[in-house]
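*Asks:* No sequence on hand, only this structure:
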């Protein structure tokens, strides 16, 4: 035993960022509590229950204490530059720690079990937007609503990215941390130093959020709810303040705005950055992934508009287009707001929506799913392999736009897909076994968790409403893991499961 | 500063580490994917794989907005072309490294404006000159000239002589100061109460004549009059050129007969021996024990190490070696070799000077940029003039080493006053650089 222990690596140094992030989450919870409380004082709303300040403050206090403990435990073990392994441990622990701290307000303030609270919190941070709360409008006061939206906003661009931006540490450690969370090859490197890249990303993200909130407010939404939706749209999260989601407002203008910003959120942020930095809007249009993405959206919207005319008798023209636009935007960006009743969808419309959920947004965006770039690369690589079967001596090169994609990246993409499908399969079987739900229901739930989407298709088959409340605690924890896997794109978490990772 | 580094060899990698610590935005370029992967892994810099002199890669690195472009690949031609191209594309300042002797006769280590490149650095010549100055010193392990040779900075290692005394009690000559010392890797700019311990690396600064006297406090060595040089390359020749005017006797051992022949033809005041510097019989034959200093300056680290160890064993009082890999330096020191210089460190120290912009003009960077010697001109309106130095609130970690007033050099004491127009030479650590800059910033009229 003693010999065994000596051979394990020491990861205590990796706890420092974890502690800092937990304290940060505590601060965000406290801020949500205070802002929600003050808002209640200044502009009470008959629709939203009052209270929730103290649970938030307690939760904040507990988070700060936990974070402090992590900082204390890491003292004396922090090395000058963080190694790749430490960074992976840190990222995983940051997400778990932040998820736990974020669950406390729900546990204290909404009388939820720890499993439920964790589900809600991780669903928020991973921008999944699936919920276990059946009666949001009765149960959640302003502080909790605000924190729920805030958690998605923080998780959208990435807690680690934010951490790197706020605490710019010298060295490659920050880079390893950054990659552990957002392994998109394109979002990085538009500033030489990773801390500046992170800061630039967060600035853009905050700017978009403010603009959307303002637009929603101008469109007639209550300012508080506009803010909550602003926070959850750009992060492609999908938590709403209404039980009926965006449909609950019944305002077409709001739906157009939200749908547009969901699409904006699923575009690579690097493209915005370069466009603002003097390359012009045309540079976005020249990006091959962007072209594919736009093509996909246009095609899906047109198809769904046509299908909608058939599905909703009486909904013609613009209304049909609006439903289709919103549905495509929410699916492809993996946000998960709803305006349309998907239970009336026929096989064709449903398949389209499922396919969009699979694909997801662009790489380097806040959207979930497999990502357009990966799908394109896989298609091209497969085509190249097929060509090789009849033209073995021709050198096959896979290109994205004009640049050639390196072999290791292709291998990465392929193994990503394999892991994705394997997780989906294993998860479906697991949930079926544990909770005895029909296979399509379990499939819908797993897909929505892995893609960080939100609402679960096929839930009505098991007699469930469109939320995760009926599942057993074991399954909920399992979904939590699935959401984390989807958000961190598998490799970060799976690396921790390889035995060699921990050994010296 | 936005800096582009082309070439990720020893110098390039070393530069990345230091530039990153200084907080610069750095883009690194190399054509070898594994060197790029190494840089990606270890430094927080953006990396590009490709031929550093190509238009396309320079465009991608956005050199037109670069404040500094450093070309330090292993090929002189690539460096020069890359630097020229970068200059044409609009880079503010370009620095290239050249180490060969083929296309230019090198007698100076640094040339400004050569072929249109702002700065061309030949680290081999620089290292040869530095060795020459060390050979002239009384036991220093590194000597750097500042302010047109009127101020000298020397590095010495503390033995038990003079150790364990507060600096104020040290009987240093008037025109010399202890500028800094290095203990456990930390650079300290000392105060009078600091005590030097055996093993500390000490930097002395002052007038050359006073520095020689100061060296005698720390060491019993004299200047080397008989010098044996193993290796007749650029370094060896530049070393010989540096010390011959002082009447030193130089013997160069060169393995390659052709090179040896050419050396003998070019330098009639040097004895050229054709043979292997690690051959014990040969060393006996030339009576190695009669030399004051043996410098092993071939391109191969192994030969340099063995030759200097053999010389040490044969009883040569001072041995010097150059080493390509900078991380070997502590090992050489441990093995008892007195003077260890690395052309790559010399090159990157020189280049770092150009990465430090602002009002301060960097004269020399020491200990990988942890401290530096800077020069500035005191303006009439700045806070530092017109009061005795003892009343000047200099930030800790800094020290005024010398004042250049017209043609005279003054190593100041507490009662001296900085006059407007003086050039002030200061020693400062990385941390206190900004406060120094503030102290000497002129007040701008509203």
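*Replies:* All right, it came through fine. It should be emphasised that the depicted structure is a prediction, and the values quoted were computed from it without experimental measurement. Numbering: from 1, shown residues only, chains lettered A, B, ... in the order given.
*Asks:* So residue B:394: helix, strand or coil?
*Replies:* With DSSP: H, G, I helix; E, B strand; the rest coil as the basis, residue B:394 sits in coil.
*Asks:* And the spatially most central residue of chain B, which helix or strand is it part of?
*Replies:* The centre of chain B sits closest to residue B:346, judged by CA atoms, centre = their mean, with a distance of 4.3 Å. Per DSSP states H and E: residue B:346 is located in helix B:343-355.
*Asks:* Just say helix, strand or coil for the closest residue to chain B within chain A.
*Replies:* Across chain A, the shortest distance to chain B (CB to the nearest CB) belongs to residue A:192, at 4.1 Å. Where you see a C-beta, it was placed from the backbone N, CA and C, and this is true even at glycine. Using three-state DSSP, the structure places residue A:192 in coil.
*Asks:* Tell me which residues touch it, please.
*Replies:* B:2, B:25-27, B:45-46 (CB atoms under 8 Å, 6 or more residues apart in numbering or on different chains).
*Asks:* shaky segments in the chain?
*Replies:* With no chain named, the answer covers chain A. Chain A contains residues with pLDDT under 70 at A:1-6, A:168-171, A:182-190, A:313-315.
*Asks:* should've been chain B
*Replies:* Applying pLDDT under 70 to chain B flags the ranges B:101-106, B:356-360, B:442-446.
*Asks:* Return the residues of it in contact with chain A.
*Replies:* B:2, B:20-21, B:23, B:25-27, B:40-46 (CB under 8 Å from any CB of the partner chain).
*Asks:* Give the ChimeraX command for selecting the buried subset of those.
*Replies:* The ChimeraX command for the buried members of those (criterion: 16 or more other CB atoms under 10 Å in any protein chain shown) is given here:
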select /B:2,20,21,25,26,27,40,42,43,44,45,46
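*Asks:* now, which of the residues of chain B next to chain A sits nearest residue B:248?
*Replies:* residue B:21 (39.4 Å; CB to CB).
*Asks:* Verify the contact between that closest one and residue B:355 for me.
*Replies:* No: with contact defined as CB atoms under 8 Å, residue B:21 does not reach residue B:355; the gap is 11.2 Å.
*Asks:* Residue A:79 contacts residue A:13, doesn't it?
*Replies:* Yes: taking CB under 8 Å as the definition, residue A:79 is a contact partner of residue A:13 at 5.6 Å.
*Asks:* what about the two, which has more around it?
*Replies:* Neighbour totals were compared for residue A:79 and residue A:13, and residue A:13 leads with 20 against 11 (other CB atoms under 10 Å in any protein chain shown).
*Asks:* Secondary structure of that one: a helix, I assume?
*Replies:* Yes: when classified by three-state DSSP, residue A:13 is found to be part of a helix.
*Asks:* OK, contacts around it?
*Replies:* Neighbour list for residue A:13: A:74, A:77-79, A:82, A:86 [criterion: CB under 8 Å, 6+ apart].
*Asks:* Disregarding flanking residues, what is the spatial nearest neighbour of it?
*Replies:* residue A:77 (4.0 Å; CB to CB, 6 or more residues apart in numbering or on different chains).
*Asks:* check which helix or strand covers the one you found.
*Replies:* Counting by DSSP H and E, residue A:77 is part of no helix or strand.
*Asks:* my guess is it meets residue A:10, correct?
*Replies:* Yes: look at residue A:77 against residue A:10 with CB under 8 Å: they come within range, at 6.5 Å.
*Asks:* what about those two, which has more around it?
*Replies:* residue A:77 (14 against 9).
*Asks:* Would you report the backbone torsion angles of the more buried one?
*Replies:* phi -110, psi 0 (degrees, to the nearest 10).
*Asks:* one step back: list the pairing partners of the following helix or strand past the helix holding residue B:346 within its sheet, with orientation.
*Replies:* Remark: after helix B:343-355, the chain's next helix or strand is strand B:361-366, criterion DSSP H and E. Here strand B:361-366 is paired, per DSSP bridges, with strand B:371-377 (antiparallel).
*Asks:* Between helix B:343-355 and the partner strand, find me the angle.
*Replies:* Interaxial angle, strand B:371-377 versus helix B:343-355 (axes from the mean of the first three to the mean of the last three CA atoms, to 10 degrees): 40 degrees.
*Asks:* Next secondary structure element downstream of strand B:371-377?
*Replies:* strand B:398-405.
*Asks:* ok, and what's touching the next helix or strand along the chain from that next one?
*Replies:* Using DSSP H and E, the helix or strand that follows strand B:398-405 in sequence is strand B:408-410. With contact meaning CB under 8 Å, 6+ apart, strand B:408-410 is reached by B:147, B:150-151, B:175, B:207, B:402-404, B:416.
*Asks:* Narrow the residues you listed to just the buried residues.
*Replies:* Buried among the contacts of strand B:408-410 by 16+ other CB under 10 Å: B:147, B:151, B:175, B:207, B:402-404.
*Asks:* picking up where we left off before, between the residues of chain B next to chain A, which is closest to residue B:310?
*Replies:* Once CB to CB is applied, the member of the residues of chain B next to chain A that ends up nearest residue B:310 is residue B:42, at 36.4 Å.
*Asks:* who's in contact with that closest one?
*Replies:* By CB under 8 Å, 6+ apart, the neighbours of residue B:42 are A:81, A:172, B:13, B:16-17.
*Asks:* Quick check: buried residues in stretch A:380-397?
*Replies:* For stretch A:380-397, by 16+ other CB under 10 Å, it's A:380-381.
*Asks:* Pull the distance from that stretch to the chain's centre.
*Replies:* 35 Å (CA atoms, centre = their mean, to the nearest Å).
*Asks:* Whichever residue of the stretch 251-400 of chain B sits closest to chain A: what secondary structure?
*Replies:* Closest to chain A within the stretch 251-400 of chain B is residue B:369: 12.7 Å, counting by CB to the nearest CB. Classification of residue B:369 by three-state DSSP places it in coil.
*Asks:* any idea how far it lies from residue A:389?
*Replies:* Separation of residue B:369 from residue A:389 (CB to CB, to the nearest Å) stands at 57 Å.
*Asks:* ditto for residue B:138
*Replies:* Residue B:138 is 78 Å from residue A:389, by CB to CB.
*Asks:* Secondary structure element holding residue 34?
*Replies:* No chain in the question, so chain A it is. helix A:15-42.
*Asks:* wrong one, chain B
*Replies:* Counting by DSSP H and E, residue B:34 is part of helix B:33-42.
*Asks:* If we go by neighbour counts, what in that helix is buried?
*Replies:* B:35-36, B:38-40, B:42.
*Asks:* Also stretch A:442-461?
*Replies:* Neighbour-count burial for stretch A:442-461 flags A:442-459 (criterion: 16+ other CB under 10 Å).
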